[in-house]
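1. here are the coordinates; sequence isn't available:
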């Protein structure tokens, strides 16, 4: 319980500061865009590189990760099918699918893992899975959908190498896999820059809330409601079913995967939506609602399985 409340309290305060900045106009009319660009182009790649360069990639291969990955793929697949049938467009469908299964494993997952699960490293597998595989694939699709067929095939195949977030993730993985130790004079400045990523994302998100309408009432009402239902209810239930019925997990491992799957949509998804100018309202509202709903969901999960 304490971990859930502590994690949400930290996020709420920083978002509230961003909202106040937006209300006061402290950063001018382009404040949100500057913070978004800072997070996407510079801080997030640095954070992902420094995190993955020092990570133990062996934690990726585990039954716990398989449960989380399969549950995320299941709910994202449902959103993609519905989005294709309803004609929501490639960009909005990608953002909605991410909001349905991409969990906040960093700034919220870590404190919750410490206080609820007793070990911060338990969120490492899903964090690695998301930044190594999910993020590069999703951003590549967004890149290609924006340019369509206007580029030659060879340039489209190199799309991941032109995306700063994907480059930061993949470079970090290569360094970790090679066993090379990055010198302190190189790693320390990157770590300092990377530390700006989470605050910049949360502040930009808070600024975006100024003047926004009540969630799930505009043209994105149905995508938002579907995404939130998949993220807050269907994904943790799917994780529980897979963990108990397929992988035979019980006790602490079961609590681990269900809590991880019940985490809300990550705030950095709004940064991606803003960067590509697609599904911004969908991302903002889905993140807000899934974050609010995850509080009672996580409390119930901890009470039933803890």
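-> Everything's here; your move. Bear in mind that the values here come from a model prediction, so they are computed numbers and not experimental data. Numbering: from 1, shown residues only.

2. list the buried ones in stretch 259-278?
-> Applying a neighbour-count criterion of 16 or more other Cβ atoms under 10 Å, one finds 259-276, 278 buried in stretch 259-278. Where C-beta positions appear, they are placed from N, C-alpha and C, glycine not excepted.

3. Give the rounded mean pLDDT of the longest helix seen in the chain.
-> Secondary structure of the chain per DSSP state H: the longest helix is helix 280-305. The pLDDT scores in helix 280-305 average 88.

4. list the buried ones in it?
-> 280-291, 293-294, 297-299, 301-302, 305.

5. Quick one: residues in contact with the helix or strand hosting residue 92.
-> Assigned by DSSP states H and E, residue 92 falls within helix 90-101. Helix 90-101 has contacts (Cβ atoms under 8 Å, 6 or more residues apart in numbering) with 71-80, 83-84, 88, 134, 138, 141-142, 145-146, 220, 223, 226-228, 230-231, 235, 265, 269, 272-273, 276, 278-279, 282-283, 286-287, 290.

6. Over to stretch 181-200?
-> Under the contact criterion Cβ under 8 Å, 6+ apart, stretch 181-200 has outside partners 14, 35-36, 38-39, 42-44, 46-51, 53, 106-107, 175, 268.

7. can you rerun that using 10 Å?
-> Contact with stretch 181-200 is made by 10-11, 14, 17-18, 34-40, 42-51, 53-54, 106-108, 165, 168, 172, 175-176, 203, 267-268, 271, as judged by Cβ atoms under 10 Å, 6 or more residues apart in numbering.

8. quick one: contacts for residue 35?
-> Contact analysis of residue 35 by Cβ under 10 Å, 6+ apart lists 18, 21, 27, 43, 196, 199-208, 271, 274.

9. just to revisit the earlier point, from the contacts of helix 90-101, list just the buried residues.
-> Those of these that meet the buried threshold are 71-72, 74-76, 78-80, 83, 88, 134, 138, 141-142, 220, 223, 226-228, 230-231, 235, 265, 269, 272-273, 276, 278-279, 282-283, 286-287, 290, by 16+ other Cβ under 10 Å.

10. Run through the helices of the stretch 51-200 of the chain in chain order.
-> Using DSSP state H, counting those that start in this stretch, the helices found in the stretch 51-200 of the chain span residues 63-86, 90-101, 109-112, 124-129, 135-147, 153-157, 164-178, 184-194, 197-209.

11. most neighbours per residue, which of those?
-> Of the helices of the stretch 51-200 of the chain, the one with the most neighbours on average (mean count of other Cβ atoms under 10 Å) is helix 90-101, at a mean of 26.

12. shaky segments in this protein?
-> Judged by pLDDT under 70, the chain has its weakly predicted residues at 1-8, 59-61, 106-122, 124, 147-162, 212-214, 216, 306.

13. Could you state which residue of it sits nearest its centroid?
-> What sits nearest the mean C-alpha location of the chain, by Cα atoms, centre = their mean, is residue 266, with 3.5 Å.

14. Could you report the distance from that one to residue 185?
-> Remark: distance between residue 266 and residue 185 (Cβ to Cβ, to the nearest Å) = 31 Å.

15. So residue 218 lies in a strand, does it not?
-> No. Under DSSP: H, G, I helix; E, B strand; the rest coil, residue 218 falls outside any strand and is assigned coil.

16. check contacts around it.
-> Shown in contact with residue 218 (Cβ under 10 Å, 6+ apart): 212, 224, 281, 282, 285.

17. now residue 17
-> By Cβ under 10 Å, 6+ apart, the contact list for residue 17 reads 199, 202, 203, 206, 207.

18. Cheers, nothing more for now.
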